[in-house]
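**Q** Let me see the structure of the following:
(one chain, ligands or ions: 1)
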Amino acid sequence: MIAFGPVPSRRLGYSLGINHIPAKYCTYSCVYCQVGRTTHMPLERQEFYAVDQILTEVGQKVTEVAEAGKKIDYLTLVPDGEPTLDINLGKVIGGLKQFGIPVAVISNASLIDRLDVQEELMQADWVSLKVDSVDESVWRRINRPHRRLSLPRILEGMFAFKQKYSGKLVTESMLVAGLNDNEKITRQLCDFLLKLQPSISYLSIPTRPPAEVEVRPPSPEALQEIIEICAEKVPFVDLLFESEVGDFVSTGNLVEDILSITAVHPLREEPLRAMVSMAGGTWQVVEDLLADGSVLSILYRNERYFFRRFGKLGGKASTGTS
Ligand code: SF4
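**A** Numbers count the residues shown, from 1 in each chain. Here you go, the predicted structure:
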């Protein structure tokens, strides 16, 4: 299935996903990838699906969604691989314009130094480029790139693209314990982001089963330090934590519910309070978990986020990956 959703997304509203690359063709094999390890790592761009097939499937989905009385805010190229590997990317983006819905592309930026990729992405209304670290050795350990890729060339390509792009450019950085969660690496990243000046720089953490089982989000203490450094230096940083409870169904054991949900979804205080009340509990349950250290909270721009602390109550120790 090429078109899926629409799924609610904090960045893009109701986003209809377009999976125009088979899993897992990617130029990176990120340790935290939710699609698993990369099995095909070409650098050459190629055709995966015919443009007509992609546009027909998207068109059918757009019609279905409209008939159901629902809306789509973005058509988003977010495949199980790297979208710029598709040699037809420009034709696909151009063809999607017929639906009158803004087009977004979520890329790992590895091919952004190529002029053809820059030209094609310029047709999109919203582009997200990944930058987990500007330190070469950290980049190699987190993103495990194709051996012929060069980080300096990618970073220069990002600047070149920013200069000519008139749409909304955002960056995304995934924070991983033991890899890019220290002060020096954070300050280097902030310096780069300040020079690049995207509209928003999102920070996120691994919240779903990653490619490598030992991958962990930074500890709440490390995360607190990172966001304090970023918030002080980079005014356009935002946190992209999956923080809503969604269709929460109580298992009847509120403590277990809180521990299992905060282990994969850092929760803001408001949805956590809603979850406690839906389960018929009181906030004291959360206070008790905070008091015994099973759950930790951090403060960011006047919002409290609650995390499960690994290593407590049978959880795995947070060891990092290095
Ligand atoms: S760039 Fe994206 S698809 Fe490719 S390995 Fe990294 S997370 Fe997975």
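**Q** Give me the secondary structure label for Pro42.
**A** With DSSP: H, G, I helix; E, B strand; the rest coil as the basis, the three-state label of Pro42 is coil.
**Q** Counting neighbours, what do you get for it?
**A** Per other CB atoms under 10 Å, the neighbour tally for Pro42 reads 13. Where C-beta positions appear, they are placed from N, C-alpha and C, glycine not excepted.
**Q** can you check the one 10 residues further on too?
**A** Asp52 has 10 neighbouring residues, counting by other CB under 10 Å.
**Q** do the same with the one 10 residues further on
**A** The criterion is other CB under 10 Å. On that basis, Val62 has 20 neighbouring residues.
**Q** part of a strand, is Leu203?
**A** Yes: under three-state DSSP, Leu203 sits within a strand.
**Q** isn't it right next to Asp238, touching?
**A** Yes: using CB atoms under 8 Å, Leu203 makes contact with Asp238 at a distance of 7.4 Å.
**Q** Run through the residues that contact whichever residue of the stretch 101-250 of the chain sits closest to the ligand.
**A** Closest to the ligand within the stretch 101-250 of the chain is Asn108: 3.6 Å, counting by CB to the nearest ligand atom. Residues in contact with Asn108 (CB atoms under 8 Å, 6 or more residues apart in numbering) are Cys26, Thr27, Tyr28, Cys30, Glu82, Leu129, Lys130, Asn143.
**Q** tell me, which of those make contact with the ligand?
**A** Contacts with the ligand are made by Cys26, Tyr28, Cys30, Glu82 out of the contacts of Asn108, judged by CB under 6 Å from any ligand atom.
**Q** Restricted to strands, list the contacts of Asn108.
**A** Counting by DSSP state E, the part of the contacts of Asn108 found in strands is Leu129, Lys130.
**Q** Dump the contacts of Asn108 to JSON lines, plus distance to Glu120.
**A** Converted to JSON lines, those look like this (distance: CB to CB, whole Å):
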{"residue": "Cys26", "distance to Glu120": "18"}
{"residue": "Thr27", "distance to Glu120": "16"}
{"residue": "Tyr28", "distance to Glu120": "19"}
{"residue": "Cys30", "distance to Glu120": "23"}
{"residue": "Glu82", "distance to Glu120": "13"}
{"residue": "Leu129", "distance to Glu120": "14"}
{"residue": "Lys130", "distance to Glu120": "17"}
{"residue": "Asn143", "distance to Glu120": "22"}
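**Q** Make a PyMOL selection of the buried ones in the contacts of Asn108.
**A** Remark: buried members of the contacts of Asn108, expressed as a PyMOL selection using 16 or more other CB atoms under 10 Å:
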select buried, resi 26+27+28+30+82+129+130+143
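**Q** export the contacts of Asn108 to JSON lines and tack on distance to Ile101 and pLDDT?
**A** Below are the contacts of Asn108 laid out as JSON lines (distance: CB to CB, whole Å; pLDDT from 0 to 100):
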{"residue": "Cys26", "distance to Ile101": "26", "pLDDT": "97"}
{"residue": "Thr27", "distance to Ile101": "28", "pLDDT": "98"}
{"residue": "Tyr28", "distance to Ile101": "28", "pLDDT": "98"}
{"residue": "Cys30", "distance to Ile101": "29", "pLDDT": "97"}
{"residue": "Glu82", "distance to Ile101": "23", "pLDDT": "97"}
{"residue": "Leu129", "distance to Ile101": "22", "pLDDT": "98"}
{"residue": "Lys130", "distance to Ile101": "24", "pLDDT": "98"}
{"residue": "Asn143", "distance to Ile101": "31", "pLDDT": "98"}
